[in-house]
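**Q** When you get a sec, could you give me coordinates for this:
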Amino acid sequence: MSESIATSAPGERTATAPGPRPPLTELRSADLGLTLAQIASHYEPVAFASSFGAEDMVLLDAIARHGLAVDVFVLDTGRLPAETYDLIARAQTRYAMPVRVLYPDAQSLEDYVSSNGVNAFYQSVEMRERCCAIRKTEPLGRALAGKAAWIRTATRAVGHPSRPVPARIRCRARHSQIQPAPRMEHRRGVGLSSHQRRSL
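**A** Residues are numbered from 1 along each chain as shown. I've put the predicted structure just below:
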């Protein structure tokens, strides 16, 4: 694994975050486990940002079954539904693997709510952006510190609610907001049948 070296003082060398990897632009596999294994190996260390939606549960299951070295985390914005908390606890028990739960900075969130109200993000674009920066962007930065890449799913819009919903696996090299993200697409899509949903 390559890493960049920073010099802190004459004669001293301090290891910093891993250097950038070449993007896996050609990685497209029908085997989800193989796709994730290749990402985890190529971009080590890698993290998976899970929202605990249906598609993310498929990825979590594959990561656990294949024993992949992927840091799984979820951002608790403070406004998640109770069902999500229940699912996080059940997943941790079922897969016997750590799931990091990251929270907004308590003081920043308290100041924002005290000054603007609990639902201020409904008032304007500026309020939404400030709320998002506190509840999501800052915790995400902490989650990705030292990571070479991160994985998330992105579902496509479909015209009928009963139609299977495919999802693309997006792997972002490092976590620069201006760096293009190579996308790895599981060709058959990632979806859960009603039986799979009930099993968890």
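
**Q** Just confirm residue 138 contacts residue 104, I think it does.
**A** Yes - counting by CB atoms under 8 Å, residue 104 is a contact partner of residue 138 at 6.7 Å. Glycine gets a C-beta too; all of them are placed from N, C-alpha and C.

**Q** Now the common contact residues for these two.
**A** When CB atoms under 8 Å, 6 or more residues apart in numbering defines a contact, no residue borders residue 138 and residue 104 alike.

**Q** quick one: the strands in the protein?
**A** With DSSP state E applied, the chain shows strands at 5-9, 12-15, 46-49, 70-75, 100-102, 149-155, 167-173, 183-185, listed in chain order.

**Q** what packs against the third one?
**A** In this case it means strand 46-49. helix 54-65, strand 70-75, helix 138-143, strand 149-155 (3 or more CB pairs under 8 Å, 6 or more residues apart in numbering; DSSP states H and E).

**Q** Out of those, which is closest to residue 94?
**A** helix 54-65 (8.2 Å; CB to CB).

**Q** Just want the angle from the closest one to strand 149-155.
**A** 140 degrees (axes from the mean of the first three to the mean of the last three CA atoms, to 10 degrees).

**Q** average pLDDT for helix 54-65?
**A** Here helix 54-65 scores 92 as its mean pLDDT.

**Q** what comes up buried for that helix?
**A** The neighbour-count check on helix 54-65 (16 or more other CB atoms under 10 Å) flags 54, 55, 56, 57, 58, 59, 60, 61, 62, 63, 64 as buried.

**Q** Redo the helices and strands packed on strand 46-49 as CSV? Include distance to residue 113.
**A** Below are the helices and strands packed on strand 46-49 laid out as CSV (distance: least, CB to CB, whole Å):
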stretch, distance to residue 113
helix 54-65, 28
strand 70-75, 17
helix 138-143, 15
strand 149-155, 27
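
**Q** If you rank every helix and strand of this protein by mean pLDDT, what lands last?
**A** Ranked by mean pLDDT, DSSP states H and E, the weakest helix or strand in the chain is strand 5-9, scoring a mean of 34.

**Q** Looking only at residue counts, what's the top helix in this structure?
**A** In the chain, with assignment by DSSP state H, the single longest helix is helix 82-95.
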